[in-house]
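In: Predicted model and sequence follow; I will ask about them next.
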Amino acid sequence: MTSALLQVTDLQTRFHTPEGIVHAVNGISFHINEGETVAIVGESGCGKSVSMMSLLKLIPTPPGEISSGTAIYRGTDLLQKSEREMEDIRGKDIAMIFQDPMTSLNPVLTLGRQLTESMREHLGFTKEQAEERAVQMLEQVGIPDARRRINEYPHQFSGGMRQRVMIAMALSCAPSLLIADEPTTALDVTIQAQIVELVARIRESLHMAIIWITHDLGVVAGMADRVIVMYAGFIVEEADVNDLYDSPGHPYTLALLAALPRIDRRRDHHLKSIAGSPPNLLVAPHGCPFAPRCEFVIEKCRQENPPLIQIEKNHSSACWVDVKTGAPR
Amino acid sequence: MSDSNTLVEVKNLKKHFPVTRGIILQRKVGVVRAVDGISFSIQRGETLGMVGESGCGKTTAGRTMLGLYPATDGSVIIDGDDILHARGKDQLKIRRKAQIIFQDPYASLNPRWTVNSIVSEPMRVHKLFATEKERSERAKDLLGMVGLSPHLLNRFPHEFSGGQRQRIGIARALASDPLFIVCDEPISALDVSIQAQVVNLLEKLQDQLSLTYLFVAHDLSMVRHICDRVAVMYLGVIVEIAEQNELYENPLHPYTQALLSAVPVPDPRKERARKRTILVGDVPSPINPPSGCRFHPRCPVAIEKCKDIVPEWREVSPQHWVACHLVN
Amino acid sequence: MNNQTPTLSELADDLITPPLTLWQLGWLRFRRHKMALFGGVILILLFIFAFGGAFLYTEKYANFNDTSQRLLAPSAEHPFGTDSIGRDILARTIYGGQISLFIGLVSVIIETILGIIIGALAGYYGGVIDAILMRITEAMLNIPTIFLLIVMAKFFGGNVPEIEIAGRVFSGSVIVIIVIIGATSWMYLARIVRAEFLSLKENEFILAARATGTSNSQIIFYHILPNTVAPIIVSSTLSVANAILAEAYISFLGLGVMPPTATWGNMLESSAKYLDSAPWLWFFPGMLILLTVLSINFIGDGMRDALDPRSRTI
């Protein structure tokens, strides 16, 4: 893909801790096109958030270290940029929203102040222009009575409302890429539905690319175009959303889907659980990281980590076994 | 309503938390009506699900039922005895029959205690077995039952992962041979691949030991999987109770309908084709709950009557109870 | 599929950490604090000095005055010099050190017991009990400690009979000083313990214990108290330094331990008239107080980090 908005190659991030080196992200490559929505799915500690933070150089170094990789965004490598240059890109070209809207907002500043700050800095707006735009943004994300509420403080808003404010803030400079890190995990389902609907609507109108980090395969099914599944710092599968759910190509994806209860189905079976726990990231990876928990495991899996290979059109999986037949590839 | 098959009978349970100001002379400036008069019963061997959004009072209800918070009003009969009004030895006897499993696997185990002390505490309190050695033996058996190796008996909680800790919490709950266990969001802090392990374990133990569960959760898909009947709470009251297939396939209360429609399904084609009822606004404060039907400010189909008159709690079809003016 | 027995692969066995107790973890972290380790070494040397030194000099020698040997500068015979009535300062700092360290340790034991009882009752039961106990605590805190110390020392001190322990005679004022220091310093600890109890009692493992029917006293002593050990140890360690300083204050004001029993504090007091003419009179006891207080503070800081219950890493 030459037209990719962002092309990440061989990204590797580690943390140096007193207990040893944490292998958080182990050489991942992926791309995202203009206007596309990609979901990155995985359990806690799989490296999904760390890899995105690495792209924006938000990893504290030390203890963190981006030990290799490139991230070409519109022709230049983000990882080679200085902190000063990154400040211009963050918020303006690439915006990020986080799981906890409470800690992402400064409690002692009014919303108006926080919303207008980046617009005045990045877009050179005057105070009045920025305020006018902030009110528009808040109205767009569905905050009633925005002109009055712009003078209120974060604690005067509910969790769902704060997440809307965060989205308004992220969108204020019309970024071409929005990275959403578990934005609905802390919210109730009815509020989650509101936020998902809001993001889908805004995506249409702004033609913005979205990377949506989540562990919820249900939310992914509703909004992603393409899905990347991560496990223990590796990408184990990548596919268009329908292909992933119709014919998962990696045993981990398969097991994850089988472990989920379905609200639209009667109870007829035990959930298929995945034995064991995710691997300790302090141990340098050797072989396939999923091998100890995998039901398709063959001898080769313990020796050599499978690369991400294309198994169908737009569908890659990192597995030595064809999960449909159970035979080695 | 009560018969020998009923294990737990909750009548008009209320828990109000006072909101106070002042230091020495505390003034009561309001009440949080966390649980405001709920009644239901649970049959022996049954799993009753209790669902609702955060702040609806489901967790408070579960804890108040076991007397962990002093109840404001109401009674809870477990196996024929009222747990809330018993004192001393009598209360201890009832406590043995009812246990609880918590949400946070990090906060629910004492970090200074070994697994052995944690699991055998209920046996010590209820004076089961004569010696520490016998209790340790029993603790080993319990660890085996929850899928942990008995040689981990002398380890400390911080050495275990979240899922393993949750198993230890389950072993502790089983130690006094209870009949009834309140599962207070036991899986919501765990990763998806671990959730299924714990749910399967709970189901297996229920079969083996004929346990009765109250399963408090906000994950409606998991509740459908594990529960026989489901109660839906909103702002301190139960708005609907029904057998699980009936509730999920024929929800009658507008809140239940909205809640179910908001749950995403891991199937892209179905998920995109689904019609959603998206509720407006947030859950109101339980300090001053709305008049009439508490759901009326957010209800997409509310009528004039809903603002003033509290809807009657009635059985619209066998075992299907609902509180809504619009249901015939 | 029902009633499946767990197969070996279902046993969630593999532990993610090596088997370390919290104390071992704490020690691993403490070791990394260079200043704390340094403080520990200094403190051990001070103890060896104060208690080992007793084998070199007898107590009688420490209290022996020879007016012909008044105010001698340090020399081979008197390494730390002699005081205004000709006593050997080295021997007196050794025996004075025993008393100062003894006062520091024992008054902190009293302080800790009072602080734990008051803080635990207030934090666990809350409500009226909490309100009353905390108002008393605040009232005590609002009176300057030094003022309390002086008033109580004046009131209870004076003519206290001498006491004999293990063949040695002490001024009874030692006991009075210990009790006074203990009784005027528990407030901060009580507040710390109360705060710990307030947050710990909301933990789910306390609810689990209550659901089982565990009694309040069991919950306080077996569940909550062991979890507050870390902040109590840190606070008490730092209090030892404060107690030694407090003894020095009141002894310096002439209200503390009565002669002939030496303490570092009352040695300073008797040097006040010779600040310029005989600096060795105040230099050695002053230096010892400084070293003790500093090393204890370093250790306290190291322990604060090492025993932090929120930190799970090595």
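Out: All right, it came through fine.

In: C-alpha from now on. contacts and neighbour counts both.
Out: OK.

In: just checking, residue A:110 touches residue A:156?
Out: No - here residue A:110 does not reach residue A:156: they are 10.1 Å apart, not a contact under Cα atoms under 8 Å.

In: who has more neighbours, these two?
Out: residue A:110 (17 against 11; other Cα atoms under 10 Å in any protein chain shown).

In: give me phi/psi at that one?
Out: Main-chain torsions, residue A:110, degrees, to the nearest 10: phi -70, psi 160.

In: Kindly report the same for residue A:281.
Out: The phi/psi pair for residue A:281 (degrees, to the nearest 10) reads phi -70, psi -10.

In: That one contacts residue A:24, doesn't it?
Out: Yes - counting by Cα under 8 Å, residue A:281 does reach residue A:24; the two are 6.6 Å apart.

In: Show me whatever sits in contact with both of those two.
Out: Each of residue A:232 lies in contact with both residue A:281 and residue A:24 under the rule Cα atoms under 8 Å, 6 or more residues apart in numbering or on different chains.

In: out of those two, which sits in the more crowded spot?
Out: Neighbours per residue (other Cα under 10 Å) separate residue A:281 from residue A:24, with residue A:24 holding more: 23 against 20.

In: Can you list the strands that the helix or strand hosting that one pairs with?
Out: Residue A:24 belongs to strand A:20-33 when assigned by DSSP states H and E. Sheet neighbours of strand A:20-33, with direction, are listed as strand A:4-17 (antiparallel) (DSSP bridges).

In: list the buried ones in the partner strand?
Out: Buried residues in strand A:4-17, defined by neighbour count with 16 or more other Cα atoms under 10 Å in any protein chain shown: A:4, A:5, A:6, A:7, A:8, A:9, A:10, A:11, A:12, A:13, A:14, A:15.

In: The nearest residue to the fourth one once chain neighbours are set aside: neighbouring residues, count only.
Out: So that's residue A:7. What sits nearest to residue A:7 in space, not counting adjacent residues and going by Cα to Cα, 6 or more residues apart in numbering or on different chains, is residue A:31, at 4.3 Å. Neighbour count of residue A:31, defined by other Cα under 10 Å: 17.

In: For the host helix or strand of residue B:49, name the packing helices and strands.
Out: In this assignment (DSSP H and E), residue B:49 forms part of strand B:47-51. The elements that strand B:47-51 packs onto, with contact taken as 3 or more Cα pairs under 8 Å, 6 or more residues apart in numbering or on different chains; DSSP states H and E, are strand B:212-217, helix B:220-226, strand B:229-234.

In: what's the offset of it from the middle of its chain?
Out: Taking Cα atoms, centre = their mean, to the nearest Å, one finds strand B:47-51 lying 7 Å from the centre of the chain it belongs to.

In: Please, where are all the strands along the stretch 151-300 of chain C?
Out: C:163-165, C:168-170 (DSSP state E, counting those that start in this stretch).

In: for the stretch 1-150 of chain B, same thing?
Out: With DSSP E, counting those that start in this stretch applied, the stretch 1-150 of chain B shows strands at B:6-21, B:27-43, B:47-51, B:73-78, B:81-82, B:98-101, listed in chain order.

In: Pipe those into TSV and attach mean neighbour count and distance to residue C:49 per row.
Out: Shown next, in TSV, are the strands of the stretch 1-150 of chain B (neighbours: other Cα atoms under 10 Å in any protein chain shown; distance: least, Cα to Cα, whole Å):
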stretch	mean neighbour count	distance to residue C:49
strand B:6-21	18	56
strand B:27-43	18	59
strand B:47-51	27	68
strand B:73-78	20	67
strand B:81-82	18	67
strand B:98-101	27	56
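
In: residues from the stretch 1-150 of chain A in reach of chain B?
Out: Counting by Cα under 8 Å from any Cα of the partner chain, the stretch 1-150 of chain A comes close to chain B at A:43, A:44.
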